[in-house]
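1. Provided below for reference: sequence and predicted model.
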Amino acid sequence: MSATEADRLRGHEFLPDADVLAAVPSLYETESVPAAEKVIHLHYFVGSCDWWVAELDEDARIAFGFASLSASGAEWGYVDLHELRAVVARPHGYPVVVERDLGWAPTPFSQVGTLRA
């Protein structure tokens, strides 16, 4: 499915407003910051999978952050937001898309687990 079709199903913009994106550090900008202290600026989710974005190459839409992918485990790494935007799962025959957490506020990574519990 194309990103346009996924956007229609989502019902809201995949990326936040420009002012929110401008506040996200560029790739490698927080490299010296301990993981627990990295600020998570964006949160995306679908089912039991979550992506928390700490850094972003806004032009290429490549993000660095922490991903928890249910059966695949969890780790820090990179994700292509173009690809994530176009993901459509059909767990029970109904389309489900990756959503942006519209209520998310910048949060230190050390507090992310307590927010999901």
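-> Yes, it's here. Remember, predicted model here, so these are calculated numbers, not experimental data.
2. Arg8 is in what secondary structure piece?
-> helix 3-10 (DSSP states H and E).
3. What are the contacting residues of stretch 11-21?
-> 3, 6-7, 41-42, 56, 58, 61, 81, 84-85, 98-100, 102 (Cβ atoms under 8 Å, 6 or more residues apart in numbering). Yep, even glycine has a C-beta here, placed from its N, CA and C like the rest.
4. Where is pLDDT lowest across these?
-> The member of these with the lowest pLDDT is Ala3, at 64.
5. which residues does the residue nearest to Ala63 when sequence neighbours are not counted bridge with?
-> Spatial nearest neighbour of Ala63, chain neighbours left out: Val53 (4.4 Å); criterion: Cβ to Cβ, 6 or more residues apart in numbering. Using DSSP bridges, the bridge partners assigned to Val53 are Leu42, Gly65.
6. Which residue ranges of the chain form strands?
-> 39-40, 42-46, 49-57, 62-69, 74-80, 88-89, 96-97, 99-100, 107-108 (DSSP state E).
7. shaky segments in the chain?
-> 1-3, 114-117 (pLDDT under 70).
8. any idea how far the residue nearest to Ala23 when sequence neighbours are not counted lies from Ile62?
-> The spatial neighbour of Ala23 that comes closest, neighbours along the chain excluded (Cβ to Cβ, 6+ apart), is His41 at 6.4 Å. Going from His41 to Ile62 by Cβ to Cβ, to the nearest Å gives 14 Å.
9. just Pro106 next, same as before
-> On the measure of Cβ to Cβ, Pro106 and Ile62 end up 19 Å apart.
10. got it, and Ala23?
-> From Ala23 to Ile62 the distance is 17 Å (Cβ to Cβ).
11. These two - which one has more neighbours?
-> Ile62 (16 against 12; other Cβ atoms under 10 Å).
12. The strands of the chain into TSV, with extra columns for distance to Asp19?
-> Below are the strands of the chain laid out as TSV (distance: least, Cβ to Cβ, whole Å):
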stretch	distance to Asp19
strand 39-40	16
strand 42-46	13
strand 49-57	14
strand 62-69	17
strand 74-80	22
strand 88-89	29
strand 96-97	24
strand 99-100	15
strand 107-108	18
